[in-house]
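Peer 1: Following is a predicted model, sequence given first.
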Amino acid sequence: LPLVRCLVMAQFAHFKLPELRNEPFQHFQPGSPERAMLKEALAKLRAAPPFDVPVIVNGKEIREGVEKQQVFPTDHKHVLCTFHQATKETIESAISGAMEAKKAWEAMPFEDRAAIFLRAAELLSKKYRYEVLAALMLGQGKNPWQAEIDGSVELIDFWRFGIRFASEIYAMQPPENAPGTWNRLEYRPLEGFILAITPFNFLAIGGNLPTAPAMMGNVALWKPASTAVYASYLVFKLLQEAGVPPGVIQFLPSAGSVISEVALNSPHFSGLHFTGSTEVFNSIWLRAAQNIKKYVMYPRIVGETGGKDFHAVHKSADVEVVVANTLRGAFEYQGQKCSACSRCFFPDNISAAIETRMVEECKKITMGQPDDFSVFMTAVIDKASFDNLKGAIEKAKKDPECTILTGGKCDDSVGYFVEPTIIKVSSPHHSLIKEELFGPVLTVYTYPADKWEETLEHLVDKGSQYALTGAIFANDREAVVSGTRVLRHAAGNFYINDKCTGAVVGQQPFGGMRASGTNDKAGSVFNLLRWVSPRTIKEVLLPVTTWDYPHMKPEQEEMEREMLGFQKGVEFGI
């Protein structure tokens, strides 16, 4: 139906959402149908010529401005797509178009908005799963499992549970009504547009950041990472097929500086939904603060930024549990997760055993192309990341406070490959254990086993500016209790005897604080509440007709005196 008709449509029932559960994982075992379908999609994508990705504004494809390329990080001579970058004028047009589309979108009944995103989830689950996974694997260097948990399962869960959480928000109404009154709360979308800036490392985040506000009736500008354009484009096209109207989400590959300048200078800027570096987030927030008098409302700033995530191991921990979870937490997806383990604290009673086993297991880690299903790791995302990691490793090799326990080799002749690297430091204040390195580099430090709480307080909690994720490993319950207490503010997602990665929508809402972000918990009610502005409505069913109040009426004695005076007046003819 044309959007304008939604302005006069009515619903004649309180609809009940279908039962919503986490999307089941596919494991791609040898001989399985899903393995064959994924391999077919990968082969098709590898054989295809470079794709052309346009800017999309108000449903129209625009090919102008600077052209850029997205390459395979594991084979950088292979171009996946050429994409167009939105110009300043196009972004300004996108803002105007979004504000026009907003009128009908926010007036559309929630059940109809919900149906669109539930349909998007079904399209991804059933129709486009393997095409999207192939683009994510080859374009962003994920192996089948890492692509599955991100590009299908998590994104599907964001859309399904987002609708469920939105329904729960709308159902939150005042618990009391005075006699003759009806109190209501409505959750209005914000007055302007949301700027969604999304990262390369999680397509689910890319799909969620513009759609979470849109579920609540907002419109959004979506700027995908330049190293994740093609998979993001596929998600955008899927959303169009699901029924997201033109202009509600504008697809704007662009230079970050250009879109930020235009969006933050618009009086209609009402929110930022961001995942990326702490430095970029800080710069955007500062610019917004400087422009605060321009805006029609105070903008909502929501961001998930950097991390220096930890595994803190107690002397009672199981060595094999620590080794398995740390290798996964540190080196899955080449350590390119916001939540990846990048610093470890081992007690001296078992540190040698842990390190020995980690080195042994690390040597078994396979690296290669993402469509080789036997590999655990592939390449890091681009040359800038490769150069940064290689520089840090080479510097560590010359540092007397550092010992390379395993790894350390880097090779960019074909793709941007960095070996899983473990560096032991002799100082707990070394830069490698404090500063973020977004890649497969793990720093470890050995502490006195009888200094558990002191280590947690002074080295783990206060040892970094970040507070995104962290884990403790212990079989001693008192150690678990004390660790949970001491590290209360050290991580927004805290794990006990599990790796510090792998949050699941609907189970572990994700987000951190301090320099790691605003902790608005993606995939939860808390995040969606940031994109609404509640309005309280009170309706009096039988309005009063007098202006005075009961306390103003005269006392009984006073009434009697007045009556007595009246009677005497009559008696004397007054």
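Peer 2: Arrived safely, thanks for sending.

Peer 1: how many other residues sit next to Gly351?
Peer 2: Quick fix: residue 351 reads Ser, not Gly. Close neighbours of Ser351, defined as other CB atoms under 10 Å, add up to 21. (Each C-beta comes from the backbone N, C-alpha and C, glycine too.)

Peer 1: for Phe386, same thing?
Peer 2: Number of residues near Phe386 (other CB under 10 Å) recorded here: 22.

Peer 1: One more: Cys402?
Peer 2: As a burial measure, Cys402 scores 19 neighbours (other CB under 10 Å).

Peer 1: Could you number the chain from 13 rather than 1 from now on?
Peer 2: Renumbered: residue one is now 13, and that last one reads Cys414.

Peer 1: Which pLDDT does the model give it?
Peer 2: At Cys414, the pLDDT value in this model is 98.

Peer 1: In contact with the residue nearest to it when sequence neighbours are not counted, which residues?
Peer 2: Once flanking residues are discounted, Cys414 sits nearest to Ala408: 4.2 Å by CB to CB, 6 or more residues apart in numbering. Counting by CB atoms under 8 Å, 6 or more residues apart in numbering, Ala408 touches Cys414, Ile416, Ile435, Leu444.

Peer 1: of all the residues you listed, which two lie farthest apart?
Peer 2: Farthest pair in the contacts of Ala408 (CB to CB) is Ile416 and Leu444. Separation: 11.2 Å.

Peer 1: Name the residue in those two with the higher neighbour count.
Peer 2: Leu444 (25 against 15).

Peer 1: can I assume the more buried one is in contact with Leu454?
Peer 2: No: under the criterion of CB atoms under 8 Å, Leu444 is not in contact with Leu454, lying 9.5 Å apart.

Peer 1: Correct me if wrong, but Tyr182 is in a helix.
Peer 2: Yes: using DSSP: H, G, I helix; E, B strand; the rest coil, the assignment for Tyr182 is a helix.

Peer 1: quick one: it and Asp169, what's the gap?
Peer 2: Applying CB to CB, to the nearest Å, the value for Tyr182 to Asp169 is 20 Å.

Peer 1: With Gly427 instead?
Peer 2: Distance from Gly427 to Asp169, by CB to CB: 30 Å.

Peer 1: Same question for Arg196.
Peer 2: Taking CB to CB, one finds Arg196 at 31 Å from Asp169.

Peer 1: These two: which is more packed in?
Peer 2: Neighbour count, other CB under 10 Å: between Arg196 and Asp169, Asp169 has more, with 22 against 12.

Peer 1: close enough to count as contact, the more buried one and Ala515?
Peer 2: No: assessed by CB under 8 Å, Asp169 is found out of contact with Ala515, at 10.7 Å.

Peer 1: Report the contact partners of Phe281.
Peer 2: Here Phe281 is in contact with Gly204, Phe205, Leu207, Ala275, Ala300, Asn303, Lys306, Tyr307, Pro311 (criterion: CB under 8 Å, 6+ apart).

Peer 1: Is it correct that the fourth one falls within a helix?
Peer 2: Spelled out, it's Ala275. Yes: counting by three-state DSSP, Ala275 is found in a helix.

Peer 1: mind checking the SS state of the spatially closest residue to it that is not a sequence neighbour?
Peer 2: Leaving out its chain neighbours, the residue that sits closest to Ala275 by CB to CB, 6+ apart is Leu207, at 4.6 Å. Under three-state DSSP, Leu207 falls in the strand class.

Peer 1: Show me where the stretch 463-586 of the chain has its helices.
Peer 2: In the stretch 463-586 of the chain, the helices defined using DSSP state H, counting those that start in this stretch lie at 464-467, 489-498, 537-541, 568-583.

Peer 1: who's in contact with the shortest one?
Peer 2: So that's helix 464-467. Identification of contacts with helix 464-467 by CB under 8 Å, 6+ apart yields Ala324, His326, Lys327, Phe357, Pro359, Tyr459, Pro460, Ala491, Ser494, Gly495, Val498.

Peer 1: Need the residues touching each of Asp169 and Ala515.
Peer 2: The contact sets of Asp169 and Ala515 overlap at Gly535 (CB under 8 Å, 6+ apart).

Peer 1: So which elements touch the longest helix along the chain?
Peer 2: Across the chain, the longest stretch assigned as helix under DSSP state H is helix 100-119. On a contact count with 3 or more CB pairs under 8 Å, 6 or more residues apart in numbering; DSSP states H and E, helix 100-119 meets strand 67-69, strand 193-201, strand 205-209, strand 231-235, strand 261-263, helix 268-276.

Peer 1: in it, what's buried?
Peer 2: By neighbour count on 16 or more other CB atoms under 10 Å, the buried set for helix 100-119 is 102-103, 105-107, 109-111, 113-114, 116-118.

Peer 1: Okay, the residue nearest to Ala275 and Phe84: tell me how far apart.
Peer 2: According to CB to CB, Leu207 and Phe84 sit 29 Å apart.

Peer 1: Weed out the non-buried ones from the contacts of Phe281.
Peer 2: Neighbour counting by 16+ other CB under 10 Å classes Gly204, Phe205, Leu207, Ala275, Ala300, Tyr307, Pro311 among those as buried.

Peer 1: Tell me who's in contact with the fifth one.
Peer 2: It refers to Ala300. Ala300 neighbours (CB under 8 Å, 6+ apart): Leu276, Phe281, Leu284, Pro311, Ile313.

Peer 1: hey, what's in contact with both of Ile416 and Leu444?
Peer 2: Common neighbours of Ile416 and Leu444 (criterion: CB under 8 Å, 6+ apart): Ala408, Ile435.

Peer 1: sorry, back to before: tabulate the buried ones among the contacts of Phe281 in TSV, adding columns for pLDDT and distance to Pro187.
Peer 2: Below are these laid out as TSV (pLDDT from 0 to 100; distance: CB to CB, whole Å):
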residue	pLDDT	distance to Pro187
Gly204	98	32
Phe205	98	34
Leu207	98	36
Ala275	98	39
Ala300	98	36
Tyr307	98	34
Pro311	98	31
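
Peer 1: Sweet, I'm off.
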